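Asker: just the structure for this:
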Amino acid sequence: MLPGAREITRRRQNPSMATSAKEIQRVVNDSQLRYKQLPTRAKFMLVFSLLFSLYLYWSIYKIVFTNDLQSESFLETDKCPACYGMSACGFLLTDQVKLTGWSKLRFLDVVNVKNVHFGKHVYKEHNVVLKKLALDKELVEVDNEVCKDANREPGCDIARVIYKGSTPYSLKDKPILPKHLSSLTVSMFTCASYRLLDRMWSYYKERLNQDDIMYRDKVQLWYLSKVNTEPLVMQTFPAREGWPFPEYYGACGRFIVSEHGGRPLQEFYHASFEKRVDIAYQIMKMALKMTENRDDFILYWTDIQYENFAVDAGGKVRIIDAENIIVVDKMAVEATKPRGWNDLYESDFDECNGENCLTFSTNNLCRHVNSDHNYYAACRNLLSQYGSEPGMPGGLLHDMPDYAKNDWELDGMLNECARPSKPKGRIIIKERLIEALDQLRKMKPAKDINVNILDALKTKDDSKTNE
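Answerer: Predicted coordinates:
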């Protein structure tokens, strides 16, 4: 019987298929031989390149198709109540906020030691900042302290063990007190009072029940106070009431979400003088607001540098790092009346070998209702010639034009604010300095200005005194 057409076709294809298989086998064998002949270093580089390519493609896939903010393991919600809260989990876990820029790449977390990430709200279309509030090693240290307090080994199940510690256990049937929140580190509760604690609870977004303070709320607050009180400062003194902090949106696990403050202040070091003097005016107004306000709380800077501030697109300056701010309750100080409580406490100037620093007594800040410390901090570390950070000498108002120096004596007022030549020098000069900065930021540069406004301001001050 003669073969059919299909049989003939199959016979014709088989030789080519066999040839193709042999060719593939030959290429594979040849590749193996060449790989074996490569030097050890070349083999390592080849394997490394292959693995890196796979990881790169996997990272690209994750960037395009996944959102780490939907991962509870990334947010570390399993560690609550040894965390910062849960109020933001609703919009984070439902993909309403997406990480942006380099924050999408997890392998860069090794260099992002401060654990600060950037994102954008999909529906509200505004930028946000997500902070873990501490270095990874610092969080491990706090966790191990909690484990030790509960007589457990380091690395214990923190979510379960935190209730076994001496302080959390004592809070089960008792209110949390200022003494439970004060620590050896400088923080919001360094000079804690009952009124400050009451105010904090009234603004606190992370309570399980807004009508009551639950046991879990107290334990969570105690843990947060050991890590970083910045989110508590932002909530207790909110932006909507005129305080110079970004808006606090909430927390989820070990991340907080807040408004994006803008570009860091150091990016404005080389800006025009008009721009820098406007920023300086806002910083001095911050110092005034934090020292004198109708709430009778003083918020003290204890760590002030360029990276603590940001400037948004509208030119508004805000404090973006409030970790080391001390809050003093003026009413509590007046009620207890410690020795010299109503005297002016003046912070001492220190050269600090030409570097930025602040010299002050925490005890004296806590015991006085009047202090020039915030004006000293702003002028010493930021605005005057004494303010010096690596690559940014001479302060924010460096290289000021002649009309600012000669007609307004701005450099002289800044130096008096930083290093006063007489008692109460900062208190005397602060109002004139703020008004001079206000006038300078409103005017355009002019070479023919010959009116000494400082004399005018002095005359104005003298007239007020006579009245």
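
Asker: helices of the stretch 251-400 of the chain, residue ranges please.
Answerer: Counting by DSSP state H, counting those that start in this stretch, the stretch 251-400 of the chain has these helices, from start to end: 273-291, 330-336, 362-367, 373-378.

Asker: in the first one, what counts as buried?
Answerer: I take that to be helix 273-291. Taking 16 or more other Cβ atoms under 10 Å as the basis for neighbour counts, the residues of helix 273-291 that come out buried are 273, 276-288, 290-291. Placement of C-beta: from N, CA and C, glycine included.

Asker: residues contacting the residue most central in space within the chain?
Answerer: Among the residues of the chain, the one closest to the centroid is D321, at 3.8 Å (Cα atoms, centre = their mean). Each residue near D321 by Cβ atoms under 8 Å, 6 or more residues apart in numbering is listed here: E230, D303, E307, N308.

Asker: reformat the residues you listed as TSV; add neighbour count, pLDDT and distance to E416.
Answerer: As requested, the contacts of D321 are arranged in TSV below (neighbours: other Cβ atoms under 10 Å; pLDDT from 0 to 100; distance: Cβ to Cβ, whole Å):
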residue	neighbour count	pLDDT	distance to E416
E230	24	97	32
D303	17	91	23
E307	14	95	27
N308	20	96	24
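
Asker: which two from the residues you listed end up farthest apart in space?
Answerer: By the measure Cβ to Cβ, E230 and E307 form the most distant pair in the contacts of D321, at 13.7 Å.

Asker: state the distance from the closest residue to T362 other than its chain neighbours to E230.
Answerer: Closest residue in space to T362, ignoring its immediate chain neighbours: T190 at 6.1 Å, by Cβ to Cβ, 6 or more residues apart in numbering. When Cβ to Cβ, to the nearest Å is applied, the distance between T190 and E230 equals 14 Å.

Asker: just H180 next, same as before
Answerer: When Cβ to Cβ is applied, the distance between H180 and E230 equals 19 Å.

Asker: mind listing the helices for the stretch 1-150 of the chain?
Answerer: Secondary structure of the stretch 1-150 of the chain by DSSP H, counting those that start in this stretch: the helices cover 5-37, 40-65, 72-75, 89-92, 136-149.

Asker: helices or strands up against the last one?
Answerer: Okay, so that is helix 136-149. For helix 136-149, the helices and strands in contact under the criterion 3 or more Cβ pairs under 8 Å, 6 or more residues apart in numbering; DSSP states H and E are helix 158-161, helix 215-227.

Asker: pLDDT score for E274?
Answerer: Among the per-residue scores, E274 holds a pLDDT of 95.

Asker: nope, L139 is what I meant
Answerer: Residue-level confidence at L139 comes out at 97, pLDDT.

Asker: and for it, the neighbour number?
Answerer: Residues within reach of L139, counting by other Cβ atoms under 10 Å, total 20.

Asker: what does A322 give?
Answerer: 25.

Asker: residue contacts, it?
Answerer: M188, T229, E230, V233, M234, F245.

Asker: now the residues you listed in JSON lines, with distance to E141?
Answerer: Supplementary listing: those in JSON lines, determined by distance: Cβ to Cβ, whole Å:
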{"residue": "M188", "distance to E141": "20"}
{"residue": "T229", "distance to E141": "17"}
{"residue": "E230", "distance to E141": "18"}
{"residue": "V233", "distance to E141": "22"}
{"residue": "M234", "distance to E141": "24"}
{"residue": "F245", "distance to E141": "27"}
